[in-house]
Structure formats: C-alpha cells, structure tokens
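>>> no sequence on this one, just coordinates:
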RNA sequence: GCGGGCGUGAUGGAAUGGUAGACAUAACAGACUUAAAAUCUGUGGGCCGUAUGGCCGUGGGGGUUCAAGUCCCCCCGCCCGCACCA
C-alpha cells in the first residue's frame, strides 16, 4: 500500500493496456446471456475530439460497463462517419488528399478516445469511407432499385452557380451560398431519390411503440412527417377553347389539394405554384409572368427567405369554374407562397379562414366571404377583418352545407365529390422523398452507369465496389469526379459500348443509416449477417445529440424498413432506447475592441472587475456552447493530461442531468479530481488492512456498522436504478453520500474490518462504470494485488434486502400542513400508536393546545398530518 | 404563427403529491503548517431572536388537496425545434 497521491497518468495507461491485452470488452454472442447493445452516435473525424464527445462517450461507457457487470453480453463498438464536405474543404484549402486527411484525423482521434479508457470492442472499428464498408452500401442500393425503393427524377434544388454544386437548405444563408457567397438559384436537376414517403404511414404509426425514446423526439418526427387528411379535386378551366384571351392551355382543369373542403363556398381564387407546369406553359406566351416566376425563384429556398418574402401574386387572366356552380368564375393567380412539391402544387383559396389567403386577398383586393360562423355570430354580420378565423363553427353562405358543423361539412363535400366523380379523399404527408445525390467527391459513389442505348444501368454486383480515384484535383469548382480524365469513362455492362459512370455520390446520411447494423458483423461478406443482427439488434441504448432527432434517426428507421423490403433482415425499429444528451457550454469573454478572449486570460479584481494582463477591460458574455470562434473551447486532451480521464469522466457525468446542458468550470473539474483522491485514500490509508478481511458478517452488528451497511445497500439499490435510468448525477451524489458515511465510520472492533471490506468492495464496483481506472487501482489495492479478477470483469454488487428496511423510522408530524415535530417509532407500529406518539410530540402538543382535532392523516412510513382548529 | 421544454440558495442541481434545498461548487471561520498548497472540522435560503424557536420562501397570480416545487387555469421570462405543407 501507498499513501502517495493517486497518479492517474501512470495508472490509466497501465489499466488501458490490461483491458486491451485481456480483450476485456470484446463483444461475444452468448445465447445464455441477455444482450445489451450500447451505441453512441459515431463521430465525424474532424481532427480532434471535443468535450461533447467526452460527455457522449462517458455516458455510453457507464451503461456498457454497468450492463457487463450485470451479466449482459455487451456490444459497444466505435467507428467513423468519415465521408463529407470538410475533407474536401481541407483539400481545397491546404492541398491535401481528402482520404489522407480523413485517415490521419481518425488516427489522432482514436488515440484521444483510447486515453478516455472506454469499454469499446475496437476490433469492430470501421470508417464509412472504407471501400469494405461502402461496397455493401452500393450493393444494398442495387437491391433497393430492384425492390422499387429508388427513383430517378427531376427536382428543384438550391444551386450555387459559382461552386457548381447543389446546396443543402442549411448551407444557404440569406439566399446566398455559405461558401461562395453567390446568390443561390433554384434549378431543376435529375437526382436519385429513396422513396421514404412510401413508408410515411408506417414511420408515423410506429412512433407510438417507441416508448424508450424521448417524447420530444417523437413529436419532432411526427411533425416532420406531417400527415394531413383532405381532398383532391379539380376546377375546370373556363373558355379554354377561346383563344381571344391568349390563355389557351393544354390542360382542361386545375387539380388542387385541400384540408378544408368545407370552406369550398368561401373560395375566392385559385393559386398555382410558380413551379407548376401550367405556370410554365402560360409563361411561354406571357413575358410579365415569366419575369414574375424568375423573381420568385431568385428569392431562394431557405425557410427564412421564404418566410420574410411578402405574399406576391400574378393574375394569369385565366378563369376556373366553381365545382358546384359552373356559372361562378374564379380568377387563377400564380402565388409565390404555393409550394410545388406539396399536394398538387395548386390550391383554392378561402381567405376568410386562412391567414395566408387573407393576406393575399387583401393585397390584391379579392373577395372575402366568411363561411364558417363562430358561435355567437351570424352569417350576415360576421366579418373577419384582417385576421382569418380558423376555428370551428357552423356553415353559412354555403348553400347545401348551411347549418352543418365544419366536420360534417368536410365529409359532405368529399362525399359529393366522390359521388360526382370530381374528387377523392386523400392523405398527404409533409415528408418528401429523400434526394440522395450530391455533386461531391468525398462520398460513396452511386453504382450506376449511364449508357446512350441502354439508359441507366446498375453496376453488376461482382464489379463492386466502385471506388473513388485518389488522383483528384480541387483547383476548379464543381465535382472532381466529373472532370477526372478517366474515372467516369467505362463500358456499358449490358451492351458493352462506351458509357459513363454516375459522378454524383451519396448523401452521407446514407452511410450513417445502417452502420449500427454493420457493427453487429463488421467483417461479414454481406452487409449484415442475419444471425448476428438477430442477436444484437436493436440498439438498446442509443446516445447522441438532439440535432439528429429528425434526419438521422428518421433515415435510419426508414433504412431498416427498406433493408427488410429488399430482403436483408427483419427488424422493425433500429433503436429501442434513445437518449439525447445536452451540450457542453463554457463562459465567454470579449475584449474592449469586441474580439473574443480566452477565459483563462481574464483576471478578476477584488471588486469583481474583469481585465486582461495589460489592464484593459473585459466583458463577460455569458455561457455559450463551446466553439472555436468564441474561444471558449476546453481541450479534452489537456484536461486528461492534467487531471486524468476518470476526473474528466466524473465531471461530465456528475455536474448536470445528462439531458441538460453542462457548464464546464475549472472549479468543477478540480472538485472531481479531489473526490478521486479522496476515494484513493480510502484504500491507500495504512490504518486499515482489509486484504484478509474475508468471511461472514457477525450476527450482532454495532449500531454504527448497521448504519453503514444500511447506507451501503440503499446506495446499491439507488445507484443501480440511477445508472440504468441515465440519472448519472444522482448516482454520483449517492456514491458521495456513501463515501461520507464510510469516512464517518470510526469503529475499531473486530467486525469493523469486515464491514469496511464489504462496503469498499461494493463502492469500488459501483464507481467502476464512471471511474474505471481508479476502480481497478483501488480493487487491486483492496486485494493487495491478489484480486480474483479485474473489477471490469467483476459482478455488480448485490443488494441485501435486510438492510433496506428499518426497524424504527422517523416520521415528520405536521399540524395543519406545517411541520412541527418528528417522531421516531417502530416501523410496524399500528395507526393508534403512531397517532398517540404524534400527538405527544412536544412541538405538536404546543400547537394543538386548545384546538379540536378534526382529522389525522397517517401515510405509513412517510408523514403524519394533524388537522385541528 | 405552431409544437416542446425550462424557471428552486451566491452557483450546478436533489426531491414516487408527503420534512424543500440531498450531493457538490464558490465563500467564510477554525485546526494542522514557519508559511502556502493539500487535508480535516464547522457555518452555509431570507427575516426576527443569545437560544429553544417563529414567520416567509421553489418566476407572478388564482385553484384542487389534510398536504403542491410537483396536479389544473391564467400571466411573465428564457431556451429549443418546425415554419407559407393549403
């Protein structure tokens, strides 16, 4: 034994080696054990790990280690989400090869993660940019084509005319490309799509069964899928054959979708999307309309831009007839707020009951007729002013609907449409098909070949993978695959003639939509080995940031369904349990000139004033998410170097509830480090040699020993629940309470050593998921080097129920709801005894003197309340 | 606009409708020390009181209940997501 201060640096690397050599965390299928698949969202290899990673992986590690101790076969793997734009940006900025850059980053970050001492089966590691991985992704895509899950079609995209690439919505800032600054255009492009909307109903319905997910995430997905019930029907175009107006069109009618068929008699006009085919047709002969459409497209597609855009329209001059009254003509407008890719791209507007329609109608002086009359109003006098009425009511001004409720009217209109063969009931989803083409180099090549004669031909499976060329240059804009001298030129697999490869690559969200399944059989010759998947899937605890609540999780859910449909494996849902962790924040400061200042450079004067070393003033700017630009990042490597991995892990686990944001503080990490040393002293102190304190507990324990053992077993009971329930901060608090109790135990009688030994042994096993290195070191010290196993292989401590119950309990006594005293009484005392004791308590007696007792409430084991007046 | 969450000491945070503030951080006082660090002990919501104790107190207002931080209604503030989806 030693009284030296704990040396995390030396101890941590020693135990990490021991785990490595013993293959302690190798995941092994064992049909005799329950399984636990613990997964944190795998990282993008950006270069270095950050505190968010530390928090994420520390949480997963606690779960993985706890489950292992509790007898589960545990799968806890790690890999790399390695395709993506930053590698190309690095290539452009620093003239490095994206592949080299990526694998160098992976090497660095793997090294950093290993210093955290995570219980990971590293033999399963892979990167999504490994051809051995994306080979299977390509094969699956071919299976998806066969299964009818893939489409190739035109769609509107955000196009950056300088970088010659499609931009995602989030890459469009104020209508400009985030990189080039060029005004983004809306452009039609032929793209590959995965038909996720085919699964919309199921993806929505199955959310109900995901009770291991945060409610928030389920609601977000529900809103994202956005199911709506309504009607699709047509307006006939009036005077279509009359070419005096110059409005002759090839279509005879305009098809619209609405969720409010009940408001059909409040119709004021129809509106087409600027991208509607009919709009395009009319624009050919109408220069003003053409100019209007172009203006709309220039507005950009970012949500913000669209929202700020004022409602604007263009009267086409075309008229349509009301479906229930051929004599009633309505104007056809083109309106910038009508979306082409929702419903039919055309609407009928009822301004009285839709705010957008109302804004538009007021601007262009179109009629506003209320047809839904709220309670207490009359059809003649009800006026909507500038605020549309969207609530329920009774129909008015609506001919055969008059007097019906909105719900009845809705059904009546659809029924009539269906009887008259004019329209149908229809369910629509806000969810769009998933466009997966990206005009980028650093992604998985889409395995198809374009042949002039045969069209689009899949690459034969035996020719997979289609790998990326290494010799690429980024000195001109656009996709390097497209201007590579040889790569895209190949022969058609069908006819043998010269053909070209698809030069688009997959959206990187595809890579992350099935990696969790690949982890179950990372070396298999097929995407996923069915037996392994059956055993390990679904992921029991999936942990990551809320920012992936929609896309990644929805795509992964879709992929499982698509893989099943394509004949891969049966798995309804990929993630049984889901946990979203909070961010890591840190204080920020600005200098007098407005530039950000490193927090460690800020000096605090005695009067609380802030300054830099040169005396210039500094302003505190609040607690913000760690980011390089705000200069408030804390490097995990430095922290681990100084305090050790265990202290870093303990701090990120103990300082805040895991789903809330964590504020990084120097005081906090120092406090964690102090606790680690305090724990170490429990075994390092020479006063108690516990190595040979083995054997049965004596029957007659002292009061102090009983108190300690009660503390211990209640702690085991509580901590077990806390860790499984992601209440890490509460679990740590309990362990500190137990530590306090242990230190307060001063007895020296014979049995004290046994009690100490029992307590410490359990305490060490309970801290092990959070502070694994320290736990191994303490375990080793407790057994003086002769431990029967690593603590990482030791079983979770068992609760002795005998110590969970108390013989006597202390209950507070309230008088009229206010605590006045407490009574200590036998746990099994009957109500009369409890009542008598409560009334006799001095603090109570004083209060009820002279009052009449009206009622006594006794909650067994909890509280006594005496109602008196 | 729609949806969700949060609001508790100086600070992070505890609290199946049942003793509000566990556990920690900062601070203060004391012990040890030549001194400091480390460590240990104590104080630690506000007000009144030497004290036993009393009153008030979980963003504000109302309600349900023997009992409300917790449940219900209204309001205020902050945070997050979605956002012209007809």
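Received the coordinates, thanks. Given the structure is predicted, the values throughout are model-derived calculations rather than measurements.

>>> and the nearest residue in space to residue A:598 that is not next to it in sequence, what does it touch?
Residue nearest to residue A:598 in three dimensions, not counting chain neighbours: residue A:631, with 5.1 Å by Cβ to Cβ, 6 or more residues apart in numbering. Quick note: C-beta positions are derived from backbone N, CA and C, even for glycine. Residue A:631 sits next to A:588, A:596-599 when contact means Cβ atoms under 8 Å, 6 or more residues apart in numbering.

>>> Inside strands: which ones of the residues you listed?
A:588, A:596-597 (DSSP state E).

>>> Including neighbour count and pLDDT, could these go into CSV?
CSV is the format used below for the ones in strands among the contacts of residue A:631 (neighbours: other Cβ atoms under 10 Å; pLDDT from 0 to 100):
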residue, neighbour count, pLDDT
A:588, 21, 86
A:596, 17, 86
A:597, 22, 86
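
>>> Of those residues, which is the nearest to residue A:722?
When the ones in strands among the contacts of residue A:631 are ranked by distance to residue A:722 (Cβ to Cβ), residue A:588 comes first, at 32.4 Å.

>>> tally of neighbours for the closest residue to that closest one other than its chain neighbours?
Nearest residue to residue A:588, sequence neighbours excluded (Cβ to Cβ, 6+ apart): residue A:621, at 4.3 Å. The number of residues packed near residue A:621 is 14, by other Cβ atoms under 10 Å.

>>> Tell me the confidence at residue A:621?
Per-residue pLDDT puts residue A:621 at 82.

>>> And the helix or strand hosting it, how far out from the chain middle?
In this assignment (DSSP states H and E), residue A:621 forms part of strand A:618-625. With Cα atoms, centre = their mean, to the nearest Å as the basis, strand A:618-625 stands 27 Å off its chain's centre.

>>> which residues are contacting it?
With Cβ under 8 Å, 6+ apart as the criterion, strand A:618-625 contacts A:583-592, A:597, A:602, A:610-612, A:630, A:632, A:661, A:663.

>>> Are any of these buried, and if so which?
A:583-591, A:597, A:602, A:611-612, A:630, A:632 (16 or more other Cβ atoms under 10 Å).

>>> out of these, which one sits closest to residue A:64?
residue A:584 (20.8 Å).

>>> and that closest one, what does it touch?
A:50-52, A:54-55, A:625-626, A:652, A:661-662, A:664.

>>> Looking at these, state which has the most neighbours.
residue A:652 (29 neighbours).

>>> would you say that residue is within a strand?
No. Judged by DSSP: H, G, I helix; E, B strand; the rest coil, residue A:652 forms no part of a strand; its state is helix.

>>> Might one say that it is in contact with residue A:662?
Yes. Judged on Cβ atoms under 8 Å, residue A:652 makes contact with residue A:662 at a distance of 6.2 Å.

>>> Spit out the residues that contact these two alike.
Here residue A:652 and residue A:662 share the contacting residues A:55, A:584, scored by Cβ under 8 Å, 6+ apart.

>>> what's the neighbour count on the residue of the stretch 601-750 of chain A with the smallest separation from RNA strand B?
Across the stretch 601-750 of chain A, no residue is closer to RNA strand B than residue A:671, which sits at 2.8 Å (Cβ to the nearest atom of the strand). A count of neighbours around residue A:671, defined by other Cβ under 10 Å, yields 16.

>>> what residues are up against the nearest residue to residue A:264 once chain neighbours are set aside?
Counting by Cβ to Cβ, 6+ apart, residue A:264 lies nearest to residue A:413, which is 5.6 Å off, once chain neighbours are set aside. Residue A:413 is in contact with A:231, A:261-262, A:264, A:401, counting by Cβ under 8 Å, 6+ apart.

>>> Please flag which of those residues sit within strands.
residue A:231.

>>> you'd agree residue A:12 is in a strand?
No. Counting by three-state DSSP, residue A:12 is not found in a strand; it is helix.

>>> So which of the buried ones among the contacts of strand A:618-625 belong to strands?
Per DSSP E, the buried ones among the contacts of strand A:618-625 map to strands at A:584-591, A:597, A:611.

>>> export these to a markdown table and tack on distance to residue A:758?
Formatted as a markdown table, these follow (distance: Cβ to Cβ, whole Å):
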| residue | distance to residue A:758 |
| --- | --- |
| A:584 | 37 |
| A:585 | 41 |
| A:586 | 41 |
| A:587 | 43 |
| A:588 | 48 |
| A:589 | 50 |
| A:590 | 55 |
| A:591 | 57 |
| A:597 | 52 |
| A:611 | 54 |
